[in-house]
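[1] Fold the following for me, if possible:
(one chain, ligands or ions: 2)
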Amino acid sequence: MPDNHLSLWTAIQSALREEISHTSYETWFANTNLSSIDDTALTITVPNSFTKGGLEKRYRPLLEQTVSAICGRPMAINFAVLEKKERAPVEPTLIKGPAPTSREKPLPLNPNYTFTHFVRGNNNHLAYASSIAVAEAPGKAYNPLFIYGSVGLGKTHLLQAIGNHISTDTSPKNIMYTTSERFSIEMISSIRNNTTADFRAKFRTLDILLIDDIQFLEGKEGTQEELFHTFNELYGQEKQIVLSSDRSPDKLSGLQERLVSRFRWGLVADIQPPVWETRIAILHEKARLRGIEVDDSIIELIASRISSNVRALEGALIKAIAHSELQGTQIAVSDLENMLPEEGKRPPLTVESIKEEVATQYNVKRRDLEGSSRKKELVQVRQIAIYIAREMTDSSFPSLGKSFGNRDHSTIMHSYMKIKNLLEDTPLLYSEIKEIQENILTKYTRRG
Ligand code: ADP
Ligand code: MG
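    Ligands and ions are numbered 1, 2, ... in the order given. Have a look, this model is predicted:
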């Protein structure tokens, strides 16, 4: 890195450290670097797509503000994922430190998640229209609004679009976007710190409460109880509540009936996977947002290979763009075809392919997943591979034991349970593993 870059990067880093907690900084910025800068944009290298996604979601606005302030002109931020040979092993999120606590700042809204940037289609028409209605007349149109649909179809985008829209209102509103896990974590830590009164006051005096991924409250009785009272309080004052879930209220079997019945009081709207035309429109929108021209042939190829998840669609586009940026030329259609095999032509998903994908993702060697090293990072990556293999194939614990270096079936079961339990309390790890699984599904066909 040239010297002038070095001092700029140091300045950016210290400004960031002042803004966010130590844990968040270490989690997200520890392995980042400044790669290039021009008049209008700065490119930061990141070790992997998770970090990139996390930074994109959480810190883009903060980074843009910080960098613009330091440079004295508006600057855009790009993230580039380092090529494999340049990177060090990546630690899974779970060894990076504790879950967020109530001391952390509220979750910021992603400024790109607006109605303007949301592409409408038949698949999301009702969810979109009702979100607009709610944003224009909070507490009046539909209360609560309950949006459901499978992962990567735009639920978070719509919830935040409502928040972003209302925050431009002339009369200021007290808006809170949170996830159900975060709600639960904050509640628990308020009990531990004797601050439940503050916690309640914070949630019960909101004008707009947007709670994402409500399905994570399944089985969490205490949090459901708290949410029930929060709901009643807000609803009684005609304050707007918007919820999202990966399934419809009827299918939320681990939630108290009285809570689920309240979710149905307003409007329940679903989001389905987008059809071809909508996929094309979304890809164009995403390329436009990044200010990058992408050939129609590339866009069409991506739209034809990925159909059920907009995040995966976007992920493929970002890969194609990153590839082009690193090579300095547009990615060849044939290379992209290899990266994204056709749905019917994907090889069957095996335990071996899972090992391969997990190893690549965390930048370790596949044989280390079979080996006996007890290095902490390796052990955890191995456990993740075992967990995913058990979830995505029908291999038994004994047969997984054979695949993972002749381990005993009880060891395998222990690894599986370890990750399964951790997932319930570690939302970041949860999204990380979901992302690996989605990535796997774009390359392989799962049996059965
Ligand atoms: P979910 O919360 O349902 O898992 P997200 O809201 O996080 O999904 O969406 C995943 C990604 O796909 C986001 O980057 C989002 O902007 C994008 N996305 C989803 N649906 C649309 C759409 N209709 N138009 C534009 N972008 C979309
Ligand atoms: Mg979401």
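[2] Which residues of this structure lie near ligand 1?
    Residues of the chain lying close to ligand 1 (Cβ under 6 Å from any ligand atom) are 113, 117-119, 124, 149, 151-157, 282, 285, 310-311, 314. For glycine as for every other residue, the C-beta is placed from the backbone atoms N, C-alpha and C.
[3] and Val67, how many neighbours does it have?
    Using other Cβ atoms under 10 Å, Val67 is surrounded by 24 other residues.
[4] which residue sits closest to it, ignoring its sequence neighbours?
    Ranked by Cβ to Cβ, 6 or more residues apart in numbering and with sequence neighbours excluded, the top spatial neighbour of Val67 is Met75, at 4.6 Å.
[5] same check, this time on Ser395
    Closest to Ser395 by Cβ to Cβ, 6+ apart is Val351, at 5.7 Å.
[6] any idea how far the one you found lies from Arg390?
    9 Å (Cβ to Cβ, to the nearest Å).
[7] rewinding a little: so who does the residue nearest to Ser395 touch?
    Contact analysis of Val351 by Cβ atoms under 8 Å, 6 or more residues apart in numbering lists 389, 393, 395, 400, 403.
[8] what does Pro341 give?
    Applying Cβ under 8 Å, 6+ apart, we find Pro341 in contact with 305, 347, 443.
[9] Could you tell me whether it really is in a helix?
    No - applying DSSP: H, G, I helix; E, B strand; the rest coil, one finds Pro341 to be coil, outside a helix.
[10] hey, where'd the helices end up in the stretch 201-350 of the chain?
    Counting by DSSP state H, counting those that start in this stretch, the stretch 201-350 of the chain has helices at residues 221-236, 257-263, 276-289, 296-305, 310-327, 333-339.
[11] Nearest to ligand 2, out of the ones you listed?
    Ligand 2 lies closest to helix 310-327 among the helices of the stretch 201-350 of the chain, at 8.7 Å (Cβ to the ion).
[12] Show me the contact partners of that closest one.
    Here helix 310-327 makes contact (Cβ under 8 Å, 6+ apart) with 49, 52, 78, 80-81, 83, 151-154, 274, 279, 282-283, 286-287, 290, 292, 294, 298-299, 302-303, 305-306, 330-331, 335-336, 339-340, 438-439, 441-442.
[13] In that helix, which residues are buried?
    310-325 (16 or more other Cβ atoms under 10 Å).
[14] min pLDDT across the residues you listed, which one?
    Across the buried residues of helix 310-327, the smallest pLDDT goes to Glu325, namely 74.
[15] ok, back up a step: report the two of the contacts of Val351 separated the most.
    Put simply, by Cβ to Cβ the two of the contacts of Val351 set farthest apart are Thr393 and Ser403, 9.7 Å from each other.
[16] Reduced to three states, what does Glu26 come out as?
    helix.
[17] what stretches of the stretch 51-200 of the chain score poorly on pLDDT?
    Scanning the stretch 51-200 of the chain for pLDDT under 70 picks out 83-88, 93-105.
[18] Please see if stretch 309-329 touches ligand 2.
    No - judged by Cβ under 5 Å from the ion, stretch 309-329 makes no contact with ligand 2; its nearest approach is 8.7 Å.
[19] which residues in the stretch 51-200 of the chain form strands?
    Using DSSP state E, counting those that start in this stretch, the strands of the stretch 51-200 of the chain run over 76-81, 145-149, 175-179.
[20] Deepest in the core, which of the ones you listed is it.
    Among the strands of the stretch 51-200 of the chain, the stretch with the highest mean neighbour count (mean count of other Cβ atoms under 10 Å) is strand 145-149, at a mean of 25.
[21] Can you get me a residue count around the closest residue to ligand 2 within the stretch 151-300 of the chain?
    Ranking the residues of the stretch 151-300 of the chain by distance to ligand 2 (Cβ to the ion) places Thr156 first, at 3.2 Å. A count of neighbours around Thr156, defined by other Cβ under 10 Å, yields 21.
[22] again, but for Ile191
    Residues lying near Ile191 (other Cβ under 10 Å) number 13.
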